[in-house]
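Colleague: Structure for this input, please:
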Amino acid sequence: MSRVVRDVFEVLADPTRRRILDLLRDGERTVGELVGALGAAQPNVSKHLRMLDAAALVRVRVDGPRRHYGLAPARLREIDLWLAPFREIWADRLDEFERYLDTVPDDEGPHEPKE
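Modeller: Numbers count the residues shown, from 1 in each chain. Predicted structure coming up:
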């Protein structure tokens, strides 16, 4: 795995940074909006945003004194492509599990107690 990819996964390992990415799925947000949504101190949120920016997971748009953060789709696509073979493994295993379940007789439902 390249150093760049390893860095991305190190950045994504933090739950606060993942939460920030979740919040940005709905569109751009300012630092103040993210602070309010996370209930965290502004310096901490800014630190997380810097790390996300360094990993090219977010883009920054400056509008006067405000910084607006949004998702960086190209970088997320790179991660998605890297994960694709792993999804295929799970899909194959789920298909095998489905085939197994198809061989198990269906339960006929609750049985009446014999009198």
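Colleague: For Leu24, give its distance to Leu57.
Modeller: Taking CB to CB, to the nearest Å as the measure, Leu24 falls 9 Å from Leu57. Placement of C-beta: from N, CA and C, glycine included.
Colleague: wait, I meant Met51
Modeller: As defined by CB to CB, Met51 lies at a distance of 9 Å from Leu57.
Colleague: Neighbour count: those two, which is higher?
Modeller: Neighbour count, other CB atoms under 10 Å: between Met51 and Leu57, Leu57 has more, with 23 against 19.
Colleague: Which neighbours do Met51 and Leu57 have in common?
Modeller: Common neighbours of Met51 and Leu57, counting by CB atoms under 8 Å, 6 or more residues apart in numbering, are Val11.
Colleague: longest helix in the chain, by residue count?
Modeller: Scanning the chain for the helix with the most residues, using DSSP state H, yields helix 73-103.
Colleague: Residue ranges in the protein under the pLDDT threshold?
Modeller: By pLDDT under 70, the weakly predicted segments of the chain are 1-6, 107-115.
Colleague: circling back to that earlier point, what is in contact with Leu24 and Leu57 at once?
Modeller: Overlap of the contact sets of Leu24 and Leu57 (by CB under 8 Å, 6+ apart) consists of Leu71.
Colleague: Go ahead and confirm Leu57 touches Ala74.
Modeller: No. Contact status for Leu57 versus Ala74: not in contact, 10.0 Å apart, counting by CB atoms under 8 Å.
Colleague: need the strands for the protein, in chain order.
Modeller: 29-30, 58-63, 66-71 (DSSP state E).
Colleague: Can you tell me which of these is nearest to Glu10?
Modeller: Evaluated with CB to CB, those place strand 58-63 nearest to Glu10, the distance being 15.6 Å.
Colleague: could you say what helices and strands the closest one packs with?
Modeller: Where contact means 3 or more CB pairs under 8 Å, 6 or more residues apart in numbering; DSSP states H and E, strand 58-63 is packed against helix 15-24, helix 42-54, strand 66-71.
Colleague: Kindly reformat the ones you listed as JSON lines containing distance to Ile79.
Modeller: Rendered in JSON lines, the data for the helices and strands packed on strand 58-63 read as follows (distance: least, CB to CB, whole Å):
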{"stretch": "helix 15-24", "distance to Ile79": "11"}
{"stretch": "helix 42-54", "distance to Ile79": "13"}
{"stretch": "strand 66-71", "distance to Ile79": "12"}
